[in-house]
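Visitor: Make a model of this:
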Amino acid sequence: MKYSFTRIQKQFVPRFCTASLFFLVTFLFSLNVVVPAQTQLETSPDEKTLIVNDAPDMEVYAIGKSVIVKNRAKGVLAFGGDVIIEGRVEGDVAAIGGSIIQKENAYVGGDIIVFGGSYKSEAREPLREKGKETVMFGAFEEELRDLAQNPSQILAPTFSLAFLAQRLLSVLFWFVVTLAVATIAPGAVSRSVARFHLSTLKVVAIGFVGFVLTTISVIVGLRFLPDYLSVILGLMVLALLMLAYVFGRVALQVTIGKLFLKHLVSDRNRSETLAILTGVLFWTVLLSIPYIWTLALITLFAGGIGLVLTARAKRMWPNTSI
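Guide: Predicted coordinates:
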């Protein structure tokens with residue numbers, strides 16, 4: 001049986017993005033799985049297992065629950081739970097933070113994808129469609145399972161020595177990155193600082209609108225464009241977003257650092273390095289506060305995209321510094 005990521009890119013990425021939107025809606029409704037027909041799906045008494053009786057035309061998604069396919073299903077995706085196949089699944093089967101178990105007489109017609117778990121078959125030669133792929137990535141099983149069953153830990157992480165060590169490494173990393181960018185491209189950083197200083201809300205608002213429109217365009221592209229074009233589009237947008245995030249964070253760290261030094265330190269003791277360190281500490285602490293970090297992260301993304309979208313309007317932004 002082959003292990004390949006190529007088929008996943010071509011076939012599973014559009015479905016996975018659609019499933020991600022479904023995950024968001026499901027999460028907002030207290031993590032309850034949307035069941036179109038109660039006769040096709042049912043939940044175990046402990047509400048930890050979703051049982052699929054007979055749903056040949058239904059894509060089944062579950063968050064924080066295991067899935068048992070008794071008879072038929074079109075496809076299955078479980079986040080934070082196992083998938084146990086006793087009957088037939090005509091399409092793909094995926095588990096994130098769980099394992100996939102195929103019983104002896106069970107059949108899977110599509111690909112099998114496992115992140116944070118394993119694939120097990122009780123038969124020596126499992127009933128699979130020829131040419132279909134199996135992809136497994138076994139790390140972070142417990143972490144992904146805990147995340148699905150207790151998603152609030154994303155917004156309110158637990159303070160620990162490991163958490164503190166991660167933040168110290170983050171300070172060191174972003175200090176080096178910001179210092180390097182400010183040294184290599186001082187003009188671009190100073191112009192960005194000036195734009196933030198003169199019209200912070202305008203830059204962030206433009207960036208936020210651009211972020212929303214970009215996200216929508218990628219989702220639409222993944223849904224309607226040919227598979228190879230949708231994958232290329234998604235990777236390009238992801239790369240651009242990451243670059244915008246890095247540059248936006250660098251500019252905001254320098255901006256905040258200079259702002260603090262202006263009010264707290266005399267002119268003689270001000271330095272670019274001290275400003276960078278102050279800004280890095282500020283944003284690292286802000287990104288470590290439970291629930292507040294989500295707004296800070298959105299601000300960093302919006303700020304970076306806003307800087308990219310307003311980069312050519314040089315006459316609108318006089319070159320002034322804080």
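
Visitor: Any idea how many residues pack against residue 119?
Guide: Neighbours of residue 119 under the rule other CB atoms under 10 Å: 21. C-beta here means a position set from N, CA and C on the backbone, and glycine is covered the same way.

Visitor: you'd agree residue 301 is up against residue 246?
Guide: No: using CB atoms under 8 Å as the test, residue 301 is too far from residue 246 to be in contact (10.7 Å).

Visitor: of those two, who's got more company?
Guide: Of the pair residue 301 and residue 246, residue 301 is the one with more neighbours under other CB under 10 Å, namely 21 against 16.

Visitor: Quick check: phi and psi at that one.
Guide: Phi and psi for residue 301, reported as degrees, to the nearest 10, are phi -60, psi -50.

Visitor: Could you report the distance from it to residue 59?
Guide: 30 Å (CB to CB, to the nearest Å).

Visitor: how long is stretch 194-208 end to end?
Guide: End-to-end distance for stretch 194-208, by CA to CA, to the nearest Å: 19 Å.

Visitor: Only the buried residues of it, if you could.
Guide: The neighbour-count criterion (16 or more other CB atoms under 10 Å) identifies 194-197, 199, 203-204, 206-208 as the buried residues of stretch 194-208.

Visitor: So which of those is the closest to residue 233?
Guide: Closest approach to residue 233 among those (CB to CB): residue 207, at 20.0 Å.

Visitor: State the next helix or strand along the chain beyond the helix or strand harbouring that closest one.
Guide: Following DSSP states H and E, the helix or strand that holds residue 207 is helix 200-224. As assigned by DSSP H and E, the chain's next helix or strand after helix 200-224 is helix 227-264.

Visitor: And the helices in the protein?
Guide: With DSSP state H as the criterion, the chain has helices at 6-7, 13-28, 141-149, 152-155, 161-184, 186-198, 200-224, 227-264, 272-286, 292-309.

Visitor: Any idea which of these gets closest to residue 132?
Guide: Taking CB to CB as the measure, the helices of the chain were each checked against residue 132, and helix 6-7 came out nearest at 7.8 Å.

Visitor: Report the contact partners of residue 178.
Guide: Contacts of residue 178 were listed using CB atoms under 8 Å, 6 or more residues apart in numbering, and they are 249-250, 253-254, 276, 279-280.

Visitor: how much space between it and residue 252?
Guide: Applying CB to CB to residue 178 and residue 252 gives a distance of 10 Å.

Visitor: and what of residue 287?
Guide: The value you get for residue 287 to residue 252, if CB to CB is used, is 11 Å.

Visitor: who has more neighbours, those two?
Guide: In terms of neighbours (other CB under 10 Å), residue 252 is the more surrounded of residue 287 and residue 252; the figures are 25 against 17.

Visitor: tell me the pLDDT at the closest residue to residue 203 other than its chain neighbours?
Guide: For residue 203, ignoring the flanking residues on the chain, the nearest one in space by CB to CB, 6 or more residues apart in numbering is residue 306 at 3.8 Å. pLDDT for residue 306: 88.

Visitor: Tell me, how many residues neighbour residue 306?
Guide: 29.

Visitor: and it, what does it touch?
Guide: Contacts for residue 306 were tallied using CB under 8 Å, 6+ apart; they are 202-208, 210, 248.

Visitor: make it 7 Å
Guide: In this structure, residue 306 makes contact with 203-204, 206-207, judged by CB atoms under 7 Å, 6 or more residues apart in numbering.

Visitor: Ok, residue 275 next?
Guide: Residue 275 makes contact with 254, 257-258, 261 under the criterion CB under 7 Å, 6+ apart.

Visitor: What residues does residue 40 make contact with?
Guide: Contacts for residue 40 (CB under 7 Å, 6+ apart) come out as 53-55, 58.

Visitor: Next step: the residues you listed restricted to strands.
Guide: 53-55, 58 (DSSP state E).

Visitor: Tell me the one of the residues you listed nearest residue 231?
Guide: Taking these together and measuring to residue 231 by CB to CB, the closest member is residue 58, at 26.0 Å.

Visitor: Test my guess that that closest one contacts residue 75.
Guide: No: under the contact definition of CB atoms under 7 Å, residue 58 does not touch residue 75, with a separation of 8.2 Å.

Visitor: tell me the phi and psi of the closest residue to residue 75 other than its chain neighbours?
Guide: Nearest residue to residue 75, sequence neighbours excluded (CB to CB, 6+ apart): residue 91, at 3.6 Å. The phi/psi pair for residue 91 (degrees, to the nearest 10) reads phi -110, psi -150.

Visitor: Let me see the contact set for residue 91.
Guide: The contact partners of residue 91, taken as CB under 7 Å, 6+ apart, are 74-75, 109-110.

Visitor: Could you rerun that using 6 Å?
Guide: Residues in contact with residue 91 (CB atoms under 6 Å, 6 or more residues apart in numbering) are 74-75, 110.

Visitor: Strands - which of these land there?
Guide: Secondary structure assignment by DSSP E places 74-75 of those in strands.

Visitor: Any idea how many residues pack against residue 101?
Guide: The tally of other residues near residue 101 (other CB under 10 Å) stands at 20.
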